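Q: please work out how this folds:
(3 chains)
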Amino acid sequence: MTRTVGAVKAGPAAAAPAAVRKPQVRYGASTVVAVAALALVAVGIGWSVAIGPTHLGIGTIVRSVLVGGDSTDAAIVHGIRLPRVILAALVGASCAVAGVIMQAVTANSLGAPEILGVNAGAAFVAVASLTFATGLSSVSLVPLAMIGAAICGILVMVTAGLGRGRTDPVRIVLAGVTLTTVIFSVMQAMIILVDPSTSSLFHWLVGGVNVGTWSDSRTILPWTVIGLVGAMAIAGKLNILGLGEDLARGLGIRVGQVRVLGSVLVIILAGASVAVAGPITFVGLVVPHIVRKLVGINHYVLIPLCALVGADMLIYADIASRYINPPSEVPSGVVTAFIGAPFFIYLARRQKGDQ
Amino acid sequence: MRLQAESVELAYDDKVIARDLSITVPDGKISVLIGPNGSGKSTALRALARLLKPNQGSVVLDGKSIHEMSTKEVARRLAILPQMLVAPESITVEDLVWFGRHPYRNSLRSPGSADKEAVEWALDVTGSTALRHRHVDQLSGGQRQRAWIALCLAQGTDLILLDEPTTFLDIAYQMDVLDLLHDLNRDQQKTIVMVLHDVNQAAEYAQHVFVLRDGTLVSEGDAESVLTCDMMRNVFGIESQILVHPVSGKPLCVPVKGRQRALADARLAPAV
Amino acid sequence: MTAIATAPAPAPAPAVRTRHLTPERRRRMLLAGVGVACVVMTLVSLMVGAVTYSPADVWHAVTGSGQGEGGFVITHFHLPRMLLCWVVGIGLAVSGGVMQGVIRNPLAAPNIVGVTHGAGLAAILVVHVLPTMPSSLIPVAAFAGGQLSIVVVYAAAYRRGASPARLALVGVAVGALCNAGILFLLVRYPLNSSAALTWLAGSLYARDMSSFWQILPWVAVLVPLLLHYAHRLDTLGLGDDLAAGLGEPVERTRLITLFLSVTLASAVVASAGTIGFVGLVAPHIARRLVGGRHLTYLPVAGLVGALLMLVADTIARGADPPLELPCGLITSVIGAPYFLYLLTKTGKAGGR
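A: Numbers count the residues shown, from 1 in each chain, chains lettered A, B, ... in the order given. Presented below is the predicted three-dimensional model:
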């Protein structure tokens, strides 16, 4: 509409090409956040290890970690508490990074693996496998969970019109929710029919890191690393994707390819998370929003910080889960829902009008 | 005057669009609101149509504050055609126009002869009678817009407000719609208020022009007195020449220089 | 928004009556088919059970002639189930249809606005936290839970008006919250989990006529009331601005119809548990059969809903007697493929 001022006088040399500025990086803010998040992780680990049926003092913990030994305290630290909190960190980081990638790829600030049914798909396949092929180790469960995550995620994204560029956030959310409902109801039926008192199967309805073991952490670690590294690799492209599909294409980004890559990473991260910890809700939704508010939209900074803050969120959710209703524990998946849902409502209130 | 806004303050959430705005719509004339983007013209129209409640001041219709009247009462006196129009899937033109009788509907009684007459008339006047059984989403742009206007006409009001009725149409359809509105005003004495982007269309068809900028009414009057070089410069920021349309005799605004170049030249030759 | 068609001449299509099936006739036949299927399934539903009886047995049982077998079973077990299927199907379908109109999204359904989860949470809360309470309190609690959740959703979504998009999103959040609460309770009290899960999955197991009488008044009153709002819901579909311009008090109508439809859904859920997909799928099928006008498609949706319930319940009872599957599972399994097909379609057509 506004006519561009055609500078007929001078050629391209006259107008100094405006340096292609990277999206604003608030370096000050990001360092502060990074340091704070790391500090919180450290404190969280310490705190998490300390509390429980037996309270352990800092000295005991430090000694157990550094020196080891055979005391019961050391056993608790090494065998129960530490693996649990490390798992929480890894799962939290994976979920958060999956969330930030998903939001970038779907150009939809309400994106999150569980909202798109990815969690449900992974959980479903895991339950089905456990039901019909008992004795599977959690390691082999991971690729199966990923397949489930993939199928669901693709279904929701395709049917919600992802291929057509402009996606209506409400439609995606509703599609994912409905698909999740189907899957969970079938899962519930399976659980009822097979053996409802098997609390291990129940674990798949609710996510939690309560019984996390070292093998769980070992299982998820490579996938988390792959996911993080992959995310960083496409971070630049995700930045440009944020300008809009057409503009991104005009700048030479192969949008379809980036979307596929991003989706694959989400599936890897979400699938692995669900495989070891069950469906954890809202971390992938909430953490990217918070971090984005603090440090801006540059994915080079956003992704690692989301990983840290995600780890924080789940560590502290896990800690809270032990305080809510002692001496029993509330599954962390429930705690994250209690935190995340009100936040989601706050986000929903900011949605403009309708259609 | 039937419809007027009296010293209204209009805002969306916390963003104030217009302050102390007073607009009196002349009866029986075609009035057009013009102004640059963000001037508040659509906002003012929506306020006049009871779609937006003013923070201060009031909109008065037939002597009563419009917000003291029920939506139904207002709908029987005033029709609005918003900019964004989405027709339900697979709806025929006739069914769409029937919606115009909604303000008169009572769930307990079925549509009467008055309703049928109104619908037939609306279809006839907009030239949509032959299209009555076609699906709205299969019509051309101009035909579709006429169908929507028929909906408004079926409401049987003398006041019709339209928000950018020509924006998504090509030039032939634009003139089509504007000519229709012109005839409605001439033959049926309908009072028409619309927001238009094209200043020349406004000059051509309006009997009264409201010029808005930054939420204030900068000037109003007939096209000849309002459309001046000074106005174009102050309100739109462009240099222009006002010619006379060779056929209609109305003012014709021809932009001479764009905003940036006008500024640049002003800097180079301030004495001029 | 569709592309502008290029047809210049507005000549109407000639009304050629052919022998072939015009879309109109095909639709009428399908509608008739639905009606017939309802009658057939009603009969089948009466026949099937732990033991399957013959139509003659059913006839004798219904007419009370004393002959034939299984008269007692049919009248005391199959008949209440059949009647329940009807009211549950109608209730959920009409409720879902209205909700889709209010939220202006074809994917809306009672569970979207958190009603089913809220009702479930309340019910399970009562079961676990107040185990000494009589079980007749459970439907009441569930009903209250459903109502409370919509109040919360509406209040949270209200910001100078409750737009359909916000309602949907907040509904999802509240549903998730209630779901978390449900899971928390299930984990906390694992002993009752099987019964709780069954209730959540939705089942008409061991329901008798009392459930029917509980739901019937709600359906009998609310469905006609909602039909009364039918043409106003049509107007809402034109968009808030135009609807207001046509004299529709948009916010008020939206509030009233939403609450009425939620009340209907709550009443059904309270007595029959959370049965999924009927409220989502039945209105869609009805719309494809008779078009989008609420006054015509809501009653048809009711029929389709009843049919779905009859089919699901019959399968639930007859698939593996004497074991009974939860009916809600069957509706989910039937609903899922149809839902996926639906998503693909609305995705392509741009939805509403």
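
Q: contacts and neighbour counts: CA atoms only from here.
A: Will do.

Q: point to the residue nearest the middle of chain C.
A: Compute the mean C-alpha point of chain C, and by Cα atoms, centre = their mean the closest residue is C:Leu92, 2.2 Å away.

Q: quick check: which element contains that one?
A: helix C:79-103 (DSSP states H and E).

Q: check the offset of the helix ranked longest in chain B from the chain's centre.
A: Across chain B, the longest stretch assigned as helix under DSSP state H is helix B:171-188. Here helix B:171-188 is found 12 Å from its chain centre; the criterion is Cα atoms, centre = their mean, to the nearest Å.

Q: now do stretch C:271-278
A: The answer for stretch C:271-278 is 7 Å, by Cα atoms, centre = their mean.

Q: cool, stretch A:323-336 as well?
A: 20 Å.

Q: pull the residues that contact that stretch.
A: A:53, A:206-210, A:279-283, A:314, A:317-318, A:320-322, C:180-181, C:183-184, C:187-188 (Cα atoms under 8 Å, 6 or more residues apart in numbering or on different chains).

Q: are any of those buried, and which?
A: A:206-210, A:279-283, A:314, A:317-318, A:320-322, C:180-181, C:183-184, C:187-188 (16 or more other Cα atoms under 10 Å in any protein chain shown).

Q: so which of those belong to strands?
A: Residues of these located in strands (DSSP state E): none.

Q: might one say that A:Leu110 is in contact with A:Val287?
A: No. A:Leu110 lies out of contact with A:Val287 (Cα atoms under 8 Å); the separation is 11.5 Å.

Q: more neighbours: those two, which one.
A: Neighbour count, other Cα atoms under 10 Å in any protein chain shown: between A:Leu110 and A:Val287, A:Val287 has more, with 28 against 23.

Q: quick one: the more buried one from A:Thr281, how far?
A: Look at A:Val287 and A:Thr281: by Cα to Cα, to the nearest Å, they are 11 Å apart.

Q: state the pLDDT value of C:Ala282.
A: Here the pLDDT value assigned to C:Ala282 is 91.

Q: again, but for B:Leu181
A: On pLDDT, B:Leu181 comes in at 94.

Q: next: B:Lys29.
A: At B:Lys29, pLDDT is 94.

Q: what does C:Gly302 give?
A: At C:Gly302, pLDDT is 94.

Q: now do C:Ala336
A: C:Ala336 is assigned 72 on the pLDDT scale.

Q: pretty sure it sits against A:Val182.
A: Yes. Judged on Cα under 8 Å, C:Ala336 makes contact with A:Val182 at a distance of 6.4 Å.

Q: who has more neighbours out of the two?
A: A:Val182 (26 against 20).

Q: where's A:Val43, which helix or strand?
A: Counting by DSSP H and E, A:Val43 is part of helix A:27-50.

Q: kindly report the same for C:Gly35.
A: helix C:23-47.

Q: put the alpha carbons of whichever helix or strand comes after that helix into CSV.
A: Per DSSP H and E, the first helix or strand lying C-terminal to helix C:23-47 is helix C:55-63. C-alpha atoms of helix C:55-63 as CSV (Å, rounded to 0.1, in the frame of the first residue of the first chain):
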residue,chain,number,x,y,z
PRO,C,55,-37.8,-61.4,18.5
ALA,C,56,-40.7,-63.6,19.5
ASP,C,57,-39.5,-63.7,23.1
VAL,C,58,-39.2,-59.9,23.0
TRP,C,59,-42.7,-59.6,21.7
HIS,C,60,-44.1,-61.8,24.4
ALA,C,61,-42.1,-60.0,27.1
VAL,C,62,-43.2,-56.6,26.0
THR,C,63,-46.8,-57.6,25.7
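
Q: any chance you could list what contacts helix C:55-63?
A: By Cα under 8 Å, 6+ apart, helix C:55-63 touches C:43-44, C:46-47, C:66-72, C:74-75.

Q: just how off-centre is the helix or strand just after it within its chain?
A: Following helix C:55-63 in sequence order, the next helix or strand is helix C:71-73 (DSSP H and E). The chain centre lies 29 Å from the centre of helix C:71-73; the measure is Cα atoms, centre = their mean.
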